[in-house]
Every structure is written in structure tokens, then in C-alpha cells.
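J.: Predicted model, plus sequence, below.
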Amino acid sequence: MKATKIVKILKDKDGTNIGKPITVQGWVRTKRGNNNVTFIAVNDGSIVHNIQIVADSGKFDEDTLKNVTTGACISVTGLLVQSMGRGQSVEIQADKIDVLGLSDPETFPLQKKGHSMEFLRSIAHLRPRTNYFGCVLRLRHGMSFAIHKYFNDKGFFYLHTPIITAADAEGAGEMFRVTTLNMEDVPRTKDGKVDYAEDFFGKPTNLTVSGQLNGEMGAMALGNIYTFGPTFRAENSNTPRHLAEFWMIEPEMAFCDLEDAMCIAEDFIKYCIRYALENNRDDLQFLNDFIDKELIQRLTSIVDADFIRLTYTEAISILIASGHKFEFKVEWGADLQAEHERYLVEQHFKRPVILIDYPKDIKAFYMKQNDDGKTVRAMDILLPKIGELIGGSQREENLEKLLHAIEVRNMSKEELRYYIDTRRFGTAVHSGFGLGFERLLLFITGMTNIRDVIPFPRTPQNAEF
Ligand code: 4AD
Ligand code: MG
């Protein structure tokens, strides 16, 4: 008999399955009982809740029930009945139990008692079997789906940008080198430098830090595109908000200025949160109960609030006027630190903030230059609890101005020649932004460490699993 997913059984409000034989397959969470009857809680990953199996001792030989241990994988067939017990609406009166995969109770690392997030990180291969990570992973899926749906419904095309690249896109971060050269015996040129002509691509290559530059090339033909893929940064920042491998969503839009981009970014964030509230309610409720009591209320309030829009210069004035003692000095021209961003969002405005018009010297070469000669049309979107969720800008579409920005930064026009060509052949006003997928998940799940919203995190000194 084909198994039914537990989510189907528990969400069946009409009770169509009640009184009928049914099969479930999943992993044992707990087992308890007495000589006469055994209660087994089974979870199959389709929903945070377990289904209760009732096994009368008379129907089963001792060995079968002995092998039903926490962590074991079982298949159960029996009648679905309304439950007399508290805490569940239905249960299965087992007629047949097959133990598909044994699990040694002495060594199975997940016990009923709560485990710390640190410990669960050390068993990342098994942590999807906990309620926390089941919720996070289902939300991760839900958000991926919502993101594709959002852009597809708006007529954006999903553009696949390369993961291996020969250009240091934008200096967004340190890059990981990709090579097939023999590290034990690196080929050298006559003057002693590494001979990349011998390397796989005939030149130095890296893992991408952002798909943006390729994304712009797509937008200059398709109009509106987005990327959604892994990006890599070899920065040695061991913080609860940085990963070495993270997923980024980067929309790029032709005929779109910074104002338009801000509207889309705000709408996009709200859409994702609304989607989670409407489609992943059980997971959010669990996380609200066990991780963060204000989660659902915070998510709801974001959907309802207008984001504050503010220039960098105004933000600096507010920070200075606050009299607050910051670790890093606040002065015009310096990049804002996390503590500054959090002060603005969590203490001053108490809602999301879109900061625009940053000093040109602390932002990337491609950003649209303002007429003041000092600032660029950049935007960062800051959220409570997580800080920067989005970084983006209007792009400099003027060829001369772009070339000048490349020159003053001593960047290579040769390496960027394809990018520069988009300004040479049919340039247009355009804008885009990048949203860090794991930062969004931090916000939506209420988890506090970015290592806990991706199945297998990659961070400095850690590429386990
Ligand atoms: O602000 P960033 O560096 O912007 C870009 O890469 C642009 N090319 C995007 C664009 O305009 N198309 O990164 C964008 C977002 C950040 O706001 C943050 O949410 C996330 O990516 N991010 C990280 N997330 C996890 N770990 C890291 N090390 C991250 N670095 C950036
Ligand atoms: Mg940024």
C-alpha cells in the first residue's frame, strides 16, 4: 500500500481518511507505553507535527517493537481513527509495522531532550531530523519557490550567470581561486611567476562573488532578469551573518531608476514574508513558540509598514545627533558599521530602512554618479535583527563616466571590456540589487546564526559534510 504523507493526513479537515486503512513511512521520534500498548510518534518531514501510532502488544512480536527505537525508519499500516488522547486529532491503530532501517539507540545522537544549536551544527547530517531544521528547510524551500513565482509573475526571466569567472566582478569580496594546476609543483614562467597559461582556462579564474555584471548584460536584451544562485566570498569574517558560500537573488531591470528599484525591492521583501505567513504557518508557529516569541508579530508588522527612505548624509546626522556611544566613529565618508545600521533600524526608526546616496569612494565602480560629484545612487536595505539584507544601485549607464570610475580605481578596462560594451551599444538607464537568501531566512525563521539556515554551511575553517 502506497504511503500517505503525514501532512495530507493531518491537514485533511473533512476526515475523508478516517476509518480507512492507511500507510505512513517515516522516522521514529519517540516511543513510550506499557506491556499492553506502545505509542510511537512518527515524523516524515512533510510537516512539523508527528502522527501517533498505537500498537497493541498482542498484534506484534516482541522483536518488532524492540527494533522500533528513536531514529529508526519504519513503515506502518493500520486504521486511521479519531484520537482519544490529548495533543492529536487522529492516530493510526497499527496492524503492520516494518522496520525499514534500524537505529542503535545507544549511539543515535538526537535525544528527546533539547540540543544546543552548536551541537546540532556538529551533526549537520542528522539535524534535518529535528523540528527546528525541518521547519527551516521547509521554509527555505517555500521561499525559493516564492522568489521564482514573484519574478515569473512580474515577467522577469531567470538568467543563469556563470559560477566560474575570470573577472573580479566588482571587488565585492575576496575570491576563491579555481585551478587545476598541481599545487605541489606549480608551473612557472621565465620570470618566476605562476604560469596560468598552463591552467585549465589559460588564465586565473575564481568562484563568482556576484552575478551582477553578467546580469546587466542580460537585462540589456531581455529587459528584466533575475539570478538566483550560489555566490562565494573568501572574506575571513567569522560572524553570525556571513557565509563563505551563500545564495543570492539579483534582479536587474532596464528602464528602471533607483526610485523604481526601491519600490520593487520593498514589494519583493514583503511578498516573501507574506508568502511565508500564508503558506508555512505551522513552521512559523513552531519557530515562534520555541525560538522567538515575537517572530510572527514582527513578520506581520513588516508587511504592514512602509520602509523609511533616507540618504546616507541624513543617516550620519541622525547618528551624530543621537549622542550614542558607538565603537566605530561616525563621520561622513566612512562606511556604516553593523552597530550604526542597527541603531537606525532598531532604536531610531524601529522599522526597515532604505539608505541611499552613499559616498562614491566606499561603493563599487558601476554605481550611477550623482550630480553632486560626491555620492552615488546606491541603496542598502536594513532590517531589524539582521542589518543589511539588500545591496543595490542604479548603474552608471554613461560610457565616459563609467570609464572614468574604472580609471580612478585602477581597475582593468581590458578585463571589463564586455561590460563596457553594454554602454557602447544601446545603453539604457538600469538598476538592480542583490538580496542575501540566508539573511532573508534569518529574518523569516527568527534563527540568530546564519549557519543554521543553510543545510551545510561553509565558513572559515569549516567545510564539513
Ligand atoms: O551588498 P553586496 O555585496 O552586493 C552585491 O554583491 C551586488 N553585486 C548586488 C547587486 O547589486 N546585484 O551583497 C548583496 C547581499 C547583501 O546585502 C547581503 O544580504 C548578502 O548579499 N551577503 C551575504 N550573505 C551571507 N554571507 C556573506 N558573506 C554575504 N555577503 C553579502
Ligand atoms: Mg553590501
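T.: Yes, it's here. This structure is a prediction, so every number in the text was calculated from the model and none was measured. Ligands and ions are numbered 1, 2, ... in the order given.
J.: all contacts plus neighbour counts: C-alpha atoms, from now on.
T.: Noted.
J.: Next one, pLDDT for Gly192 please.
T.: Gly192 carries a pLDDT score of 95 in this model.
J.: just the one 3 residues further on next, same as before
T.: Per-residue confidence at Asp195 stands at 97 (pLDDT).
J.: okay, now it: neighbour count?
T.: Residues contacting Asp195 under the criterion other C-alpha atoms under 10 Å number 17.
J.: try Ala265
T.: So Ala265, with other C-alpha under 10 Å, has 20 neighbours.
J.: could you say which helix or strand contains it?
T.: Under the criterion of DSSP states H and E, Ala265 resides in helix 258-279.
J.: cool, and Arg29?
T.: Per DSSP H and E: strand 21-33 holds Arg29.
J.: After that strand, which helix or strand is next? Please name it.
T.: strand 37-43.
J.: Let me see the residues that make contact with that next one.
T.: 6, 26-33, 49-57 (C-alpha atoms under 8 Å, 6 or more residues apart in numbering).
J.: And the helix or strand following it, how far out from the chain middle?
T.: Heading C-terminal from strand 37-43, the first helix or strand you meet, by DSSP H and E, is strand 51-56. Centroid separation for strand 51-56 versus its chain: 37 Å, with C-alpha atoms, centre = their mean, to the nearest Å.
J.: how much does strand 51-56 deviate in direction from strand 21-33?
T.: 80 degrees (axes from the mean of the first three to the mean of the last three C-alpha atoms, to 10 degrees).
J.: Can you work out which other helices and strands pack against strand 51-56?
T.: strand 37-43, strand 90-101 (3 or more C-alpha pairs under 8 Å, 6 or more residues apart in numbering; DSSP states H and E).
J.: Pairing partners for the longest one, with directions?
T.: Here strand 90-101 has these sheet partners by DSSP bridges: strand 51-56 (parallel), strand 73-82 (antiparallel).
J.: And it, what's buried?
T.: Across strand 90-101, burial judged by 16 or more other C-alpha atoms under 10 Å covers Val90, Glu91, Ile92, Gln93, Ala94, Ile97, Val99.
J.: Do I have it right that the third one meets Val81?
T.: Yes - with the criterion set as C-alpha atoms under 8 Å, Ile92 and Val81 qualify as a contacting pair; they are 6.1 Å apart.
J.: from what I can see Gly45 touches Tyr132, true?
T.: No - at 11.3 Å, Gly45 does not count as touching Tyr132 under the criterion of C-alpha under 8 Å.
J.: Any chance you could list what contacts stretch 69-78?
T.: 21-31, 68, 92-105, 108, 110-111.
J.: mind running it again at 7 Å?
T.: 21-31, 92-103, 105, 108 (C-alpha atoms under 7 Å, 6 or more residues apart in numbering).
J.: next one: that stretch to chain centre, how far?
T.: Distance, centroid of stretch 69-78 to centroid of chain: 32 Å (C-alpha atoms, centre = their mean).
J.: Quick check: end-to-end length of that stretch?
T.: 19 Å (C-alpha to C-alpha, to the nearest Å).
J.: for the next helix or strand after the helix holding Ala265, which positions count as buried?
T.: Moving toward the C-terminus from helix 258-279, the next helix or strand (DSSP H and E) is helix 281-290. Within helix 281-290, the residues scored as buried using 16+ other C-alpha under 10 Å are Asp282, Asp283, Leu284, Gln285, Phe286, Leu287, Asn288.
J.: Against which helices or strands is helix 281-290 packed?
T.: helix 295-304 (3 or more C-alpha pairs under 7 Å, 6 or more residues apart in numbering; DSSP states H and E).
J.: run the last query once more with 8 Å
T.: helix 131-153, helix 295-304.
J.: among those helices, which is nearest Ser237?
T.: Ser237 lies closest to helix 131-153 among these, at 23.5 Å (C-alpha to C-alpha).
J.: Among the strands paired with strand 90-101, which comes closest to ligand 1?
T.: Closest approach to ligand 1 among these (C-alpha to the nearest ligand atom): strand 73-82, 34.8 Å.
J.: Now the helix or strand of the chain with the lowest mean pLDDT - C-alpha only, CSV.
T.: Least confident element among the helices and strands of the chain, by mean pLDDT, DSSP states H and E: helix 62-67 (a mean of 92). Taking Å, rounded to 0.1, in the frame of the first residue of the first chain, the C-alpha atoms of helix 62-67 are listed here in CSV:
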residue,chain,number,x,y,z
GLU,A,62,8.5,-8.6,20.8
ASP,A,63,11.3,-8.2,18.3
THR,A,64,9.4,-5.9,16.0
LEU,A,65,8.5,-3.5,18.8
LYS,A,66,12.0,-3.7,20.3
ASN,A,67,13.5,-2.5,17.0
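J.: what's next to it, contact-wise?
T.: Ile97, Asp98, Val99, Leu102, Ser103.
J.: The stretch 151-300 of the chain against ligand 1: which residues are in contact?
T.: Residues of the stretch 151-300 of the chain found near ligand 1, taking C-alpha under 6 Å from any ligand atom as the criterion, are Ala172, Ser210, Gln212, Arg233, Arg241, His242, Leu243, Ala244, Phe246, Met248, Glu250.
J.: 8 Å - rerun?
T.: 170, 172-173, 209-213, 215, 232-233, 235, 237, 241-252 (C-alpha under 8 Å from any ligand atom).
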